[in-house]
Every structure is written in structure tokens, then in C-alpha cells.
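Peer 1: What shape does this take:
(chains A, B and C)
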Amino acid sequence: MKISQNIAISENGFLFNPATGDSFSTNDTGKEIVRLLQEGKNQAQILDAMEGLFATDRASLEKDLADFLYMLGNYRILDANTAQSR
Amino acid sequence: MSKRTYERPYLRKLNAGLGNKFGTRHSQLPVTEIDGVPVASIMEEYGSPCFVLSEQTIRQTYRNAVRAFGTRYPKVQMAWSYKTNYLNAVCRIFHEEGSWAEVVSIFEYRKALGNGVPGNQIIFNGPDKSADDLRFAVQNGSLIHMDHLDELYQLSEILATEDLKARVALRINMDTGVYPLWDRFGFNYENGSAWTAVTKVMAQPRMQLVGLHCHIGTYMLSAQAYAVAANKLCDLALEIRNQYQHRIEYLDLGGGFASGNTLKGSYLQGSDVIPTMDDYAEAISGAILQHPFGMSGELPTLFLESGRALIDDAGYLLGTVLALKRLGDGRRATIMDFGVNLLFTSFWYEHRISPAQDYSSHHEDMVLYGPLCMNIDVVRENVSLPLLQKGDRVVVHRVGAYNMTQWMQFIQMRPNVVLIDTRGQVHLIRRKEDVQTLNSQELTPAYLEANKGS
Amino acid sequence: MVLTPNASGRIPCTVAVSGLNNVDSPGPGMPVIRSLRQSQRYDFRIVGLSYDSLEPGLYMHDLVDKSYQVPLPSAGTGALMERLRYLQSVEKIDVLIPNFDAELHNFIRLAPALESELGIRTFLPSLQEFDARHKAVLHEYGQMHGVKVPVSSTVFTINEFHRALEVSVYPLVVKGKYYDAQIAHSADEALSAFYKISAKWGLPVLVQQYVRGTEVNVTALGDGAGQCIGAVPMRKLYITDKGKAWAGVSIEDPELMRLSAELVASARWRGPCELEYMRTEEGEYYLMEMNPRFPAWVYLAVGCGQNHPEALVDLALGQKPQAMNDYEVGKMFIRYSQDLVVPMQEFEKISTLGEL
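Peer 2: Here you go, the predicted structure:
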């Protein structure tokens, strides 16, 4: 699971993909996940990290993370071939 | 270090032409209380979903309508449209405020009697009145609004056989410049059938023609159409006076006044485009007062049967998010525990829906589904809401009209309905249904009963 | 309201303007702003109101001092008012000039609250006047104010359409609810147009008398008390594939000016309007449409010697501007487009913060 090179994300949650020219808006949780992806974490590691950060249950995190990663893959922010891998 | 509040991750592509989120928080501000009562406490006690009615809003809305008409016209009488919401508690509030009853079936008629409305303060409308219904209503001295000639002949026969007299009115339909023209109810003005009906009633010694009635449509966005309707009814009343030296006691302009809900396909918000009660009152009163009825004692009384505009705002539906999913085309879908079974009006309204708890400024577009295992169960085809999660509560606004009468018992049972009184006390006014409620109406033939459990 | 001149002798005044979509079918916002910038009497601060992050005016910092996103008209007056409350907590807007057809309804409704609660002045027609000049009722409006308008009827069903044809003279025009118009020379053609247009735009459709002639337009300003403060007529020289003027010229046409001034006076029109006429070969004028706002070519009027947006600010502030009777004939406008190059950060700012 690899995040595309050069993805830029601002404090405001503005995400720009230089490869496609698309721009996006995301929230704090989304920013956190992108940051963890940029650190090279895999899905399980991200989940662990998130559980430490946020006050919620693991089931919600797991479900929401999968959905978010799906969206990232869909928008070609995650490398499409690796988006589904564990 | 304490953990951060969680909001599910969200990603929105910034496209041109999608508008923006700035300033749109208004519609998504959480609604945590209704008349000072916490939404959460109502749902904890009465379950989810749950209908809530505000007595304070009902009375305020009613008094505003009475003021709007009463300050412009000397003789006004409201008649509560039972079909809009015939929960007894609701009806009794309107009757307490001085409203008569307007009913369209013997079932509603009996409800009105049960709510203590005297027979001579019940207007009996609609195309379906059986011989027994008519006899009963005439004996009670009610006002019979006739819809078709068959009814007229039937009533004539009953009056002759039983040696009774009836106070009757004719329902008139007409072109008021709006579409669609409701020509299926009553007698048409333009093609002369209204006048034919007048002559037939006037020839009946046992019928006293006391009123003329029209109901030009529903959710009328033009107050001017009511002026056209009032003009035509006045012309008819004056023509009757000239030809028969007979005075029409009242003109019933019906209802159809719009509520603040937004119709599907409307670009602007309903509350921004609908006429106010004062606009309707000005159009109707202005038109009647222009006609030469003579001294104020000879002015006909103005009857109004407004339903929707008087009760819609007072009704709320509380519900809960059952699940979230992503559809095949990438759209977000949210499944609620209420659907078209309870919100019949979602077929034509884009109901405003508010979260009942705090959110960040982020929001997303979604389809809102109900709980039914049926494809038609869509509450909103596209709505922008904050990042809801399973178990979150929402409040649907302006559901007081028609939903608590047109709701269906389909797949799910109908839920509790509560009333918040003017002092903030919550009262259960209709108990939720359960399997017993339904089974109590069913009969199993004995031969099938015998096989039970085998 | 009296504003005090600053050191340069000009009166400082903040005006909020919408319609910054200076694209190939341009909104009037930027031309209005350019007109205001020509003022010798005012020193304007311009606050742009935008609906979309890609409206070009957002990025024209020499013309627009600061911009804010505002909610779409469909979000309702509540959302708009809330946003304007925020804006006014940061800015000190004296006058607001809305320029979009779709937003006018809401601004007209909010006008009293904008003034009483936020001190923001507007100069708009009443809702009644606004509705009276609507496409579907323009004929009655024309009759009331002595202007010819092609006879038309609104039809909701095929039966009504047949009835309308019975009393019509060919050729006639079948018009869609929002867009589209087809000329029909026979009942067959009309029927086919009815089906095509109603399939595309829904019902109702308009059946209208066909008027052959030359299109001439007037941009005008009424003071709401029966006086026409200014008017300039223009004939389109070149029209884009979207039907918008790409070039036009101010013309001399006393009869057109008389008609327009009388209409504005008789209707006691309050605010700006664009009058679209058809001049027939016989020299008759038919009013085809009346837009309740400045046209996108309003800057031509400034070039001809009449600054309507500046006069509108006068009116909004409660001053009575001098009526402008003269204008230069034979002035042309030619529209052009050019590319602005902007850093991504500006787009980010307006997209995520709603301000630029």
C-alpha cells in the first residue's frame, strides 16, 4: 500500500495530487491517515496508531479506514495496485 | 494525553460548479431540543423513530392565521381539516382554539363527534358519503357539501323518506389560472354545471343552500389564485341572490395554503417562495369585500379549511442512523430507521433534516434510505449532511401534515407519537404498534389453526 | 446616509458585488466593478461574492479587494443571511449589488433585514414588481405599461397546446420553460416542436407570436419613483454560440429611448434593468424580455458617458443622482478573454477557507 509521490497536504486539509491535477478537501482524521501513509505504515499499523489517537472503537476505525483507503485508491492518490493489499 | 474526538475520515474532490460549503452550516446546525425538551431524552423514553408534535407551534400558527384573516374580514370561521392530522389530541387543540371540523369520511366524522364537536359544527365534504352517512349527518344538523349529482339525488330521496331537512353547500371547481385544475371535485363553474346544480338544489324544498365551497388545489404558491376563486364564488352567490332572492350564508374557500417545505424540483427553499398567511388573507378578503353584498350583516361568513399550513411546522420525526455504506458508483448512502412508510411526504418534499448532535464543518452529499427492504424507500435522493455515524440521531422538520394519516404499516410498525405541551411536558398521544395490534384484527380459520405447530 | 469624503476628496464606500463569473457567458459582476472603478466621486472598496472557487473575478485582485464565498440561492435566505452576518462582522459593506437572476429573489426578500440589522443598503425592485415582469406574464405587464409584447400562452398539456394553436397565427414560436425556442410554420411543425421541447425541458411550454426583426437592447436604471435615471441602447454586432453579445454598438433611436423611459417611469421600476426588444421592419418595438439587473455589457454605458452602477450606489445611499439624458452614439464594445495565471495556493484558500 503506497501513497503516490509528491502528494501535498496543507494545514487546512487541502490535498493536491500533482500527478493528476486533482485537488481535494479532507478533515483532521483524513490528514492523520495520509500522514501515516506517507510514513510508510500499512493498514494494520495505521489502525493501531489511530486507536491510540482517537476516542472510538476499533470496529468503526476499521470500517472507516477501509472506506477512506478505497476512496484514495479511487482517486488515484494511493497506488491503484496496492490499494487493496494488506 | 487524552484521546482526540473522532470524526470519520472524509475526502471530497474539489470540482467546479458544485457550489461551496460556506454559510451552508445553517441547515445543518444541530437541533438538540424541541420546545426546550432534549431530543435525546425523548428518544430514550419513547424510542426511535418517534413523531413529536409541538402544541406551542400549533397554537401560534393557528392564532397567526386567525389574526391574518380576522383583521381583514369581519366573519371568519376555521374548520380543522381532519385528514391532515386526525390524532385526537391534535384535533382537540384546534377545537379548543375555536376551530370547527371538516371531514371527508364517516370515520373522520365519528372522530369529530368523539372529540366533542357539535354536529352543526361539522362540515361533511368529499365524494364518498353513503346513504347511512348522509342520514346520520343530516340528523346531526351537519353541513353537507355536495360533490356530485348522484349525491344530490340520493340526499333528496333520504330527506323525502325520512321527512328531514338539510343544510347543504355545493362544491365548485373552477379555473383560477393555476395548474393542475382540480376539476374532479364538485361542479364546474365555467361550463355551467355549477349553475345547474344550484337550480337543482333550489328546487328542493327540503334542502337549504347555505354555502358555496371550493378548494382550488394544494400547496398553492399563488395567493392571487384565491382572489380569482373568491371572485367567482362571490359572483355565484350574488347571482343566486338576484335570481332567487336567497342569501348564501357562507363562502368556504377550502385550504391548500402552502407550508414551508421545499417541493422536489424547486430551486429555491420553500420557505423563501411561499406566500404568507397575510398574503392569502389579503387576496381572499380583498376579493370578497369588493363585491356588493351590502351591509356587513349581509356579508357571507368566510370558512377556511386549512390543514397543511397549520400543522406541518409543528411536527417533527426523530430517527437514528442504522448504517452507512458506499454505493457501486462511489456515492455515500445512509440508512435511517424511518422511511417512506412514515414519511409519505418525502415523495414530493425535500424534507429538511438536521443532526441532533454537534459536528465539525465538514459535510458530504449522500442518498438517504429508509429501513424497508424495498427499492422505493428513499427519503432524500441527494442531501448534504455532516459526517453521520451509526447510532447518530437526526430530526426531520415539517412533517406534521399528512404523515400521521397517510403512513403505512408496511414491514415496520408505526411508532410512538408524543405531544409537547405548552409547559414543556411530554405526553404520549399514540402508542406504537406491535405485532399484537395487527394480529388482533386477524382471524385464522379453524382448520389452519389445528395445524399449528405440527 | 451621508458618507464623509477622505483626504483625496472622494467618498470611501464599500460595495459587495456578486456575479464574478467572467466566463464565456459572463455574469455582470466584473463589468459592474469596472464601472465603479471609473468613479471620480467615490473611493470604492470592492467585496466580491462568489458561488464557485473558479469564478475569474476572485483572482482579479486589481479590481476586487477581497472575496467571500456565499451559499447558493437554493440553500435559502436563512443560510445567506447567516453568511452575510459573518461578512459584515469583518467588513463594513455599505451597498450590495446582486447580479444573478437566480439570487435576486432571496436578496429582495432579505433587503429590509440587510438594511435594518446589518446596515447594508440595496436598491432592488419589490418582489411584486420582480414577479410582474416574468416571462410568463410579460404580456400583461406590457399592456399595463404601454409596451407591445408578443402574445403568448403557457400550456401544460397537449390538449391545451391544440387549443392554443387554434387561436394562433403562423409562424409562431414554441419556447421551453428555461431555454430553447423553435419557430413553427405549421401545426405539424409546432407539434413536433412541442414534443421535442417538452421532452427536453418539461412542461409547461410557451406558445408565442413570432416577431421578425432586429434585436435591440437597453440598459436602464429607475429610481423607483417614476424617473428613469439613465438609459443607453445597444445593438448586438456579433453573437456567440451561447447567444451572448461579443460585440455591440450604442445606437441612436429616439423612439426606443422614449418607450424605455416611459416603461421605467410607468412601472416605477426600482434599480437596474435590461430591456430586450425586437424592432420590426415596420418600426414597431416588441419587448421580448426584461431582466431585473444590469446586463454584462453595462460597461458600454460608462463608455458612452453614463455610469449606471455609480448612480445605483447613489440611489442605494439615499441620494438622488442627476438624470442622465445624453450618451455617445457609435461607441462599440468588443469582448475578449485572457488567461489569468494564479498560484494553486489562491485556489486552496478560497476552496478551504471560503475567503480570498
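
Peer 1: Now for residue 48, which secondary structure element holds it?
Peer 2: Chain wasn't specified; assuming chain A. In this assignment (DSSP states H and E), A:D48 forms part of helix A:43-53.

Peer 1: hm, I was asking about chain C
Peer 2: Secondary structure here is read from DSSP H and E; on that basis C:G48 sits in strand C:42-50.

Peer 1: Outside of that strand itself, which residues are in contact with it?
Peer 2: With contact meaning C-beta atoms under 8 Å, 6 or more residues apart in numbering or on different chains, strand C:42-50 is reached by C:6, C:8, C:10-18, C:20-21, C:29, C:33, C:36-37, C:55, C:57-58, C:63-70, C:87, C:91, C:93, C:96, C:98, C:310, C:313, C:350. Glycine gets a C-beta too; all of them are placed from N, C-alpha and C.

Peer 1: sorry, back to before: which residues are contacting the helix holding A:D48?
Peer 2: Defining contact as C-beta under 8 Å, 6+ apart, one finds that helix A:43-53 is touched by A:1, A:29, A:32-33, A:36-37, A:41, A:58, A:61-62, A:65-66, A:69, A:86, B:3-4.

Peer 1: Give the burial count for B:D365, as a bare number.
Peer 2: By other C-beta atoms under 10 Å in any protein chain shown, the residues close to B:D365 number 12.

Peer 1: Just the pLDDT for it.
Peer 2: According to the predicted model, the pLDDT of B:D365 comes to 88.

Peer 1: In space, what's closest to the residue in the stretch 151-300 of chain C that chain A sits nearest to - neighbours in sequence excluded?
Peer 2: Per C-beta to the nearest C-beta, the residue of the stretch 151-300 of chain C with the smallest distance to chain A is C:K242, at 26.3 Å. Of all residues beyond its chain neighbours, the one nearest C:K242 is C:S25 (4.7 Å), with distances taken as C-beta to C-beta, 6 or more residues apart in numbering or on different chains.

Peer 1: So what's the predicted local confidence for the one you found?
Peer 2: The confidence metric pLDDT takes the value 83 at C:S25.

Peer 1: again with the one 4 residues further on
Peer 2: You'll see C:G29 listed with a pLDDT of 96.

Peer 1: Also B:N451?
Peer 2: For B:N451, the pLDDT comes out at 64.

Peer 1: cool, B:A101 as well?
Peer 2: With respect to pLDDT, B:A101 has a value of 98.

Peer 1: Can you tell me the SS state at it?
Peer 2: When states are read from DSSP: H, G, I helix; E, B strand; the rest coil, the local structure at B:A101 comes out as strand.

Peer 1: so where's the stretch 151-300 of chain C shaky on pLDDT?
Peer 2: Confidence mapping of the stretch 151-300 of chain C against pLDDT under 70 gives the ranges C:178.

Peer 1: tell me, how many neighbours does B:P127 end up with?
Peer 2: B:P127 is flanked by 14 other residues according to other C-beta under 10 Å.

Peer 1: Equivalent analysis for C:I183, please.
Peer 2: Taking other C-beta under 10 Å as the neighbour definition, C:I183 ends up with a count of 15.

Peer 1: where does it sit relative to C:V211, distance-wise?
Peer 2: Distance of C:I183 to C:V211, given as C-beta to C-beta, to the nearest Å: 11 Å.
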